[in-house]
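> Prediction below, plus the sequence it came from.
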Amino acid sequence: MNIKKIIKTVIDKTKGDFAKKSIISITLKLLGLFLSYLFTVLISRIFGAEITGRFSLAFTILNIFAIIFALGIPDAIVKLSSDSNYKESFNFKKISFRLILMSSILGAIILYGLAHPLTLFYKDSSLYDYFVIASMTICPLIILRYNYESLRGRNKIVKFAILANIVPYFIAILSIFLIQSLSSNLYGIISMEVYFIGTILACLLSFLMAKEPNQPKKEFLSLKRTLHYALPMLATSSFIFIMGWTDTLMLGYFNSTKDVGIYNVVIKIARIAIIMLTSINLVLAPRISELYSNSETEKLKGLIKGVNKIIFISTIPVVFVILVANKFILGLFGPEFIAGSTALVIIIISQCFNVMTGSVSQVLNMTGYHRNLRNFTIISAGLNLILNFILIPIYGIIGAAIATGVSSVLLNLMAVIFVKKRLGIITYFNPFSF
């Protein structure tokens with residue numbers, strides 16, 4: 001296994017540009033991950049598992065609304081901004097921004113109206129204030145995502161990573177320390193308030209960072225054609241998110257907010273295993289779109305093959321550490337969280353399969369097969385919902401972990417088989433192929 005040779009091959013095939021941006025993306029992703037974990041540690045250490053659970057529920061509801069009322073436009077912007085057939089001929093931002101602004105306002109109003117019913121549903125009166133603040137966060141969060149995804153489509157990876165991964169949590173952490181220095185009486189709702197502050201300031205900054213130089217006048221991309229790309233991606237991203245967070249929502253209903261808090265920390269730790277995959281995907285998506293639109297199929301295959309090797313090799317040591325030291329890692333968040341050790345092992349194993357299947361979702365999204373990915377996601381999300389409904393009342397957080405793991409493996413398996421048959425591209429990595 002010659003890792004240096006693998007890395008050199010990938011760099012040669014992409015003329016160094018992809019490798020350089022990947023390294024930058026990974027570095028900034030790691031910094032953002034550190035900040036998000038520090039934020040979670042602060043909440044769990046200061047307030048305990050119950051408040052962490054309330055924040056997790058509100059955060060989940062917020063993101064579901066943000067995905068639905070973004071209409072898939074932020075995801076479509078990546079494709080449109082990187083596809084030479086569109087970016088050179090059309091102005092697609094003016095109409096899409098107006099649409100996303102109106103939609104986000106509608107989403108905020110609806111969530112505000114649902115704050116009380118949701119509080120009754122989860123049988124926790126303290127959640128009302130969390131849901132109200134979440135409704136106030138929807139507009140800035142959607143606009144922030146729209147702006148930073150447009151940067152990703154233009155290959156402005158540093159600016160993208162700063163806005164997406166660093167600024168919101170950095171400001172939230174500073175706000176916690178500031179509030180803590182001014183008052184010794186801290187209330188759990190502060191966790192949601194500081195996240196709102198971080199999102200607002202990041203949104204304002206995103207307008208400055210995403211501003212484009214004056215360009216020659218282009219034909220406006222019609223609303224119909226914009227939604228032609230956006231809506232299938234909306235369905236995909238919605239069901240992927242719902243599949244990933246159904247367990248949290250159903251745990252909140254069947255179990256206590258304390259269990260939700262523990263499980264949320266488990267999920268966060270498990271996602272460390274796919275940091276290399278997600279970081280490289282940020283750079284890989286527009287590159288796939290570019291190569292595919294230019295019919296450079298062999299170059300695309302070589303790029304994906306080399307990247308998958310690097311992702312797998314760099315991920316295995318991380319997985320091993322988490323599996324061996326899972327109780328110690330969970331204990332960093334507080335002794336209450338060690339109860340999630342078995343669930344963490346289950347999800348980590350499923351994440352290994354996710355890593356082995358590589359960037360298959362990006363390939364489908366960026367080559368025009370986003371509708372097929374949507375269909376696979378709907379099937380997996382349906383299975384996830386059924387398994388959660390059956391397993392959580394019996395096994396609690398372990399049942400939630402099993403449901404998430406099984407549905408995630410199914411999604412990636414269907415996508416890998418489809419890409420190989422339809423495009424002739426092998427996205428999975430065989431560890432015995434060396």
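Yep, it's here. All values derive from a computational prediction rather than experimental measurement.
> Tell me the spacing between Lys258 and Ile310.
39 Å (CB to CB, to the nearest Å). Where C-beta positions appear, they are placed from N, C-alpha and C, glycine not excepted.
> where does the chain dip in pLDDT?
Scanning the chain with the threshold set as pLDDT under 70 gives 1-23, 25-26, 78-93, 184-186, 213-244, 282-283, 286, 429-434.
> one more time with 50, if that's ok
Under the criterion pLDDT under 50, the flagged ranges of the chain are 1-4, 6-7, 10-11, 13-15, 88-89.
> If you count contacts, what does the helix or strand hosting Tyr128 end up packed against?
Following DSSP states H and E, the helix or strand that holds Tyr128 is helix 127-153. Other helices and strands packing on helix 127-153, by 3 or more CB pairs under 8 Å, 6 or more residues apart in numbering; DSSP states H and E, are helix 49-68, helix 73-82, helix 93-121, helix 157-161, helix 190-209, helix 275-293.
> hmm, try it at 10 Å
Identification of packing neighbours for helix 127-153 by 3 or more CB pairs under 10 Å, 6 or more residues apart in numbering; DSSP states H and E yields helix 49-68, helix 73-82, helix 93-121, helix 157-161, helix 167-182, helix 190-209, helix 275-293.
> and the fifth one, how far from the chain's centre?
Right, helix 167-182. Distance of helix 167-182 from the chain centroid (CA atoms, centre = their mean, to the nearest Å) equals 23 Å.
> got it, and the shortest one?
With CA atoms, centre = their mean as the basis, helix 157-161 stands 15 Å off its chain's centre.
> Just the CA trace of it, in PDB.
Written as PDB, here are the backbone C-alpha positions of helix 157-161 (Å, rounded to 0.1, in the frame of the first residue of the first chain):
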ATOM      1  CA  ILE A 157     -13.600  27.100  -1.300                       C
ATOM      2  CA  VAL A 158     -12.000  29.200   1.400                       C
ATOM      3  CA  LYS A 159     -14.800  31.700   1.600                       C
ATOM      4  CA  PHE A 160     -17.300  28.900   1.400                       C
ATOM      5  CA  ALA A 161     -15.700  27.000   4.300                       C
END
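> Of all the residues in it, which ones are buried?
For helix 157-161, burial by neighbour count (16 or more other CB atoms under 10 Å) applies to 157, 159-161.
> Please apply the same query to the fifth one.
Of the residues in helix 167-182, those with enough neighbours to count as buried (16+ other CB under 10 Å) are 167-173, 175-176.
> counting contacts, what elements does that helix pack onto?
So helix 167-182, by 3+ CB pairs under 10 Å, 6+ apart, packs with helix 17-47, helix 127-153, helix 190-209.
> Tell me which of those lies nearest to Arg54.
Across the helices and strands packed on helix 167-182, the minimum distance to Arg54, taken as CB to CB, is reached by helix 127-153, at 5.6 Å.
> With distance to Glu193 as extra columns, can I get the buried residues of helix 157-161 in a markdown table?
Supplementary listing: the buried residues of helix 157-161 in a markdown table, determined by distance: CB to CB, whole Å:
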| residue | distance to Glu193 |
| --- | --- |
| Ile157 | 31 |
| Lys159 | 27 |
| Phe160 | 26 |
| Ala161 | 25 |
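> nearest to Leu106, of those residues?
For the buried residues of helix 157-161, the closest approach to Leu106 (CB to CB) belongs to Phe160, at 26.6 Å.
> where's that closest one relative to Thr377, distance?
Taking CB to CB as the measure, Phe160 and Thr377 are separated by 24 Å.
> Give me the neighbour count for Glu296.
Under the neighbour criterion other CB atoms under 10 Å, Glu296 is assigned a count of 13.
> That one against Ser289, yeah?
No: with contact defined as CB atoms under 10 Å, Glu296 does not reach Ser289; the gap is 11.4 Å.
> if we can go back for a sec, indicate which one of the helices and strands packed on helix 167-182 is closest to Tyr428.
Closest to Tyr428 of the helices and strands packed on helix 167-182 is helix 17-47 (CB to CB; 19.5 Å).
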